[in-house]
Structure formats: C-alpha cells, structure tokens
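[1] give me the fold of what follows.
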Amino acid sequence: MLFISHSVIAQFGPLKNLSIEEESKLMVYNSKCVHRDKYSPSQRQLLYPFNQTVFISLISFQDTVSEFSSHLPIKKGILDTGMVKEEIRLSKADINKLTDLLFNYGYRSKKYGVIEDRMSCYDPHNAILFFNNQRKVISYIEICFDCLRMKFSSEKIKVGENCTEKFSILKNFFTSKGIKFVSIDHRPYGLIMRAYNETLALRVAERLMHIQDVEEKEMFSGLVFMVNGKMCLGVSKNSMMVRLDPNTLENLSDKDGWQQMVMGGRPMKGYISVSEDVLGRNDELDFWVNLALAFNPFAKASKKK
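    Next comes the predicted model:
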C-alpha cells in the first residue's frame with residue numbers, strides 16, 4: 001500500500017494471483033538492506049567527494065537563528081563553530097567504514113518494487129563535512145535522522161540505495177564515533193513527529209471499537225487498520241485509504257476529495273485515497289468508514305503461508 005509520505009520505485013515482474021497485501025509484503029521485504037561488496041575500498045575512495053577531500057568530519061549542530069527548522073551553519077565554505085555541538089574527525093579506517101555503509105548497503109531486490117522512507121518534515125541536526133587543507137568545507141551531506149532525509153551540497157554526491165535501515169545504520173555509525181546529538185529525543189518539549197495524521201487515526205479507531213477483530217499495523221509510514229485479518233482502512237499524513245467494492249466507484253461521482261490509488265503506475269483495484277480536507281466532518285468520515293466496513297466481509301484476505 002502506498003502512502004503519500006513515501007516514494008515507491010516500482011519495477012514489477014509478473015505478479016499473477018498475488019493480492020495487494022502480498023505485493024506490499026514483497027516490496028517491504030525487497031526494501032530491507034543487504035550488504036554486497038559492490039565497490040572495493042579503492043573504488044569507493046574514487047567517488048566524489050571522497051576523492052577531493054583532505055579530511056572528513058561528522059558533526060551535530062543546533063541552529064539558534066532559524067525559527068522553524070535548523071540549517072547547516074556554513075557560509076562560503078566557513079563552518080560557524082558557535083552552532084556546532086560536536087565534531088569528530090574521521091580516521092582512514094572510519095572513512096573506509098563510512099563509504100562501505102553508504103555504497104555497499106542496498107536493496108535486497110528491485111524486482112517487484114521498493115519503498116523509500118521519506119517523511120515530509122525536515123529539521124536536520126547532523127552532517128558529514130568534507131574539508132580542504134585550509135579547513136574550508138568543499139562539500140557536505142546534511143542529515144535529518146528524525147525525518148529520514150538528506151540534502152547534498154552538489155548533485156555529484158551519490159550515496160547508493162536508500163534501503164529501509166540505511167538511516168539507522170548511518171545513525172549507529174555517528175553514535176559509535178561519539179556523536180550523541182542524533183535522535184528525536186533532543187527536540188524541544190520531547191516532540192515526536194509521526195508520519196501519519198494521529199488525530200485522524202484516533203477518529204477512525206473510535207469508529208471501529210465495536211468490531212472484535214481489529215488490528216492496527218504501522219506500514220509505509222501510515223497506520224493500517226486490519227479488520228477480520230484483511231486490509232480495510234489506512235491513515236497517512238494527508239489522506240485516508242479506503243478499501244471498497246470496485247464496482248461502487250461509479251456511484252461516488254457526487255463525492256469530493258477522493259481518487260483511485262496507484263502503485264507503480266497501475267491503478268489499485270478496490271483502493272481509493274480520500275483527502276483529509278473532506279474528512280473534518282463526522283458524517284463524511286462515517287460515510288467512508290462504513291463503505292469500507294460494508295465491503296470487508298467480501299474482500300479477499302492474504303494467503304496464509
């Protein structure tokens with residue numbers, strides 16, 4: 001299932017007799033990280049900007065100027081050390097390990113499509129800095145571990161495939177080198193940002209309380225509600241997924257704010273996305289939830305393995 005806060009790269013092979021849930025499970029499995037010796041240490045050292053730098057540092061920083069989100073404190077190649085909380089200069093062995101995790105960890109397979117975790121927030125507090133011999137920053141990789149996103153100083157920088165655990169592996173590398181300021185726990189007031197709309201998820205959950213067999217699963221940065229062992233509803237950052245009878249779509253022409261869901265360029269039969277903009281009213285939310293529940297007894301469940 002595709003939620004807005006993710007980017008799905010689909011390269012589908014033959015998927016005959018597979019349900020949407022089974023296709024989704026394949027994509028989740030394929031997206032996990034696996035290590036392959038794709039590049040040797042000498043080959044990795046030739047990749048930009050590792051081939052141009054004199055030394056490399058890991059840093060954590062706290063932007064005390066910007067009001068809403070942090071920005072890497074670099075201007076014309078000069079690092080503002082007043083905003084730097086920690087800086088660790090990497091040894092040759094460290095750099096070898098860093099390039100290995102960046103370039104040699106990738107997807108298990110892209111045969112059926114993969115998922116890239118990408119949240120809509122961006123509040124970076126870490127970076128990999130590449131210096132020349134005058135201690136000027138010639139390139140950088142800015143990192144937001146909380147939001148699973150990076151920004152690069154140059155389009156020439158490539159960091160391999162963004163498999164599911166890539167940011168976790170990179171975060172562990174930072175902490176193993178002594179960088180402590182990397183996690184969401186350091187945000188003001190202990191704020192935790194989820195990728196899905198928690199208020200909408202609670203409203204949906206309230207409408208399912210009378211049903212005995214309901215299971216909530218966090219999938220693809222969304223919250224999916226399984227009813228009687230079958231995918232029924234799902235909440236993402238900006239919308240709600242509804243599984244319904246595909247033959248009823250022609251009866252929804254007078255309803256606003258919904259669209260057919262698409263995976264890998266293919267319409268997902270029996271799945272639509274309803275914008276949160278039309279779900280503010282309780283009667284609207286009730287309509288879509290009841291539509292999904294009405295179809296649930298007739299929906300096919302994933303095959304048991």
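
[2] what sits up against the helix or strand harbouring residue 127?
    Residue 127 belongs to strand 126-131 when assigned by DSSP states H and E. Residues from elsewhere that reach strand 126-131 (CB atoms under 8 Å, 6 or more residues apart in numbering): 49-50, 52-61, 72, 74, 79, 98, 137-145, 174, 179, 181-182. (C-beta placed from N, C-alpha, C; glycine too.)

[3] mind redoing it with 6 Å?
    49, 53-57, 59-60, 72, 137-143, 182 (CB atoms under 6 Å, 6 or more residues apart in numbering).

[4] which among those residues end up buried?
    49, 53, 56-57, 59-60, 72, 137-143, 182 (16 or more other CB atoms under 10 Å).

[5] narrow the residues you listed to those in strands?
    Here DSSP state E is the test, and the buried ones among the contacts of strand 126-131 give 56, 57, 59, 60, 137, 138, 139, 140, 141, 142, 143 as lying in strands.

[6] where do the strands of the stretch 1-150 of the chain begin and end?
    For the stretch 1-150 of the chain, the strands defined by DSSP state E, counting those that start in this stretch occupy 6-9, 33-35, 55-61, 74-75, 78-79, 84-89, 105-107, 114-117, 126-131, 137-144, 149-152.

[7] mean pLDDT lowest where, among those strands?
    Between the strands of the stretch 1-150 of the chain, the lowest average pLDDT goes to strand 6-9, which shows a mean of 41.

[8] what's around residue 252, how many residues?
    15 (other CB atoms under 10 Å).

[9] which SS class is the closest residue to residue 101 other than its chain neighbours?
    Leaving aside its sequence neighbours, residue 101 sits nearest to residue 169 (CB to CB, 6 or more residues apart in numbering; 5.4 Å). Taken by DSSP: H, G, I helix; E, B strand; the rest coil, the conformation at residue 169 corresponds to helix.

[10] ok, back up a step: what angle separates the strand holding residue 127 from strand 55-61?
    Strand 126-131 runs at 150 degrees relative to strand 55-61, counting by axes from the mean of the first three to the mean of the last three CA atoms, to 10 degrees.

[11] the buried ones among the contacts of strand 126-131: which two are farthest apart?
    The most widely separated members of those, counting by CB to CB, are 138 and 182 (23.9 Å).

[12] coming back round to it: and the angle from the strand holding residue 127 to strand 137-144?
    Here strand 126-131 runs at an angle of 170 degrees relative to strand 137-144 (the same axes, to 10 degrees).

[13] return strand 126-131 as PDB; C-alpha atoms alone will do.
    C-alpha atoms of strand 126-131 as PDB (Å, rounded to 0.1, in the frame of the first residue of the first chain):
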ATOM      1  CA  ASN A 126      23.800  16.300  11.700                       C
ATOM      2  CA  ALA A 127      26.100  16.400   8.700                       C
ATOM      3  CA  ILE A 128      29.200  14.800   7.000                       C
ATOM      4  CA  LEU A 129      31.600  17.600   6.100                       C
ATOM      5  CA  PHE A 130      34.400  17.400   3.500                       C
ATOM      6  CA  PHE A 131      37.300  19.800   4.000                       C
END
